[in-house]
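# test case, fold it:
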Amino acid sequence: MKILTYPDPALRVKGRPVTTLDASIIKTAHEMLELMYENEGLGLAAQQVGLDYQLLVINFKGDPKEKDQEVVAINPVILEAKGSQKAREGCLSFPGLYQDIRRAKTIRVQYYDLTGKAYIMTCSDLPARVWQHEIDHLNGVLFIDKMGPLARLGSKKALDEFIETFQKRKARGDIPADVEMKL
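As a prediction, this is how the structure comes out:
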């Protein structure tokens, strides 16, 4: 399992709901947590590892020792969003790119854990931002889509470099040709 980088088409896939909790989903969630920690992230969505369903993992502290901060969320939905705040944001699928992104300050989210138990969490500030960022991934929405015109302009060089690197990797055969990708 590896983290896909922009502009990999899998990042734009809208995830299908998880309807069955089986051993493969549980194994995938644990692998995603390990990959997230290895890359010093706060969250990771299934689309970022090439999967097409609604599963994400979060640790609001990004610390593997703080297991109480871990969330494995299946089919998460934002029920309510309030307020607005702008803060610096990055993404494991855009290594080294950071921009100020406007998001809701407080959200209420519903999700299921790996046992199928439903939860509702209300949070603000960084935890709310992480939830919104990861749920966007489940819908094929990337943080660059949330950038204002100036942030987008300021990111153009980095985005062009991501595209150029992706095309070179595809030409070398490191990444399958579009027709071979199964999305």
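# so residue 147 sits against residue 155, correct?
Yes. Using C-beta atoms under 8 Å, residue 147 makes contact with residue 155 at a distance of 6.5 Å. Yep, even glycine has a C-beta here, placed from its N, CA and C like the rest.
# all helices of this protein, in order?
23-38, 125-138, 149-172 (DSSP state H).
# for the first one, packing partners?
If you count contacts as 3 or more C-beta pairs under 8 Å, 6 or more residues apart in numbering; DSSP states H and E, helix 23-38 packs onto strand 43-45, strand 55-59, strand 70-82.
# next, the buried residues of it.
25, 28, 29, 32, 33, 35, 36, 37 (16 or more other C-beta atoms under 10 Å).
# again with the last one
Residues 151, 155, 158, 159, 162, 166 are the ones in helix 149-172 that count as buried (16+ other C-beta under 10 Å).
# who's the residue nearest to the first one when sequence neighbours are not counted bridged to?
The reference is to residue 151. For residue 151, ignoring the flanking residues on the chain, the nearest one in space by C-beta to C-beta, 6 or more residues apart in numbering is residue 99 at 4.2 Å. Legend: beta-bridge partners of residue 99 under DSSP bridges are residue 89.
# what do you get for the one 4 residues further on?
Beta bridges link residue 103 to residue 85 when assigned by DSSP bridges.
# mind listing what it touches?
84, 85, 86, 87, 89, 128, 129, 132, 133, 146 (C-beta atoms under 8 Å, 6 or more residues apart in numbering).
# also residue 31?
Residue 31 makes contacts with residue 1, as judged by C-beta under 8 Å, 6+ apart.
# can you give me the pLDDT of it?
According to the prediction, residue 31 has pLDDT 97.
# ok, it to residue 105 distance?
Here residue 31 is placed at a distance of 32 Å from residue 105 (C-beta to C-beta, to the nearest Å).
# which residues does residue 78 bridge with?
If you apply DSSP bridges, the partners that residue 78 bridges to are residue 109.
# quick one: it and residue 106 touch, right?
No. The criterion here is C-beta under 8 Å, and residue 78 misses it with residue 106 at 10.7 Å.
# for residue 3, find the nearest of the helices and strands packed on helix 23-38.
Across the helices and strands packed on helix 23-38, residue 3 has its closest neighbour in strand 43-45 (7.3 Å, C-beta to C-beta).
# what mean pLDDT does the closest one get?
Averaging pLDDT along strand 43-45 gives 98.
# for stretch 163-172, same thing?
Mean predicted lDDT for stretch 163-172 stands at 91.
# give me the pLDDT for the residue found closest to residue 14 once you drop the neighbours it is linked to in the chain.
Ranked by C-beta to C-beta, 6+ apart and with sequence neighbours excluded, the top spatial neighbour of residue 14 is residue 140, at 4.6 Å. We have a pLDDT of 97 for residue 140.
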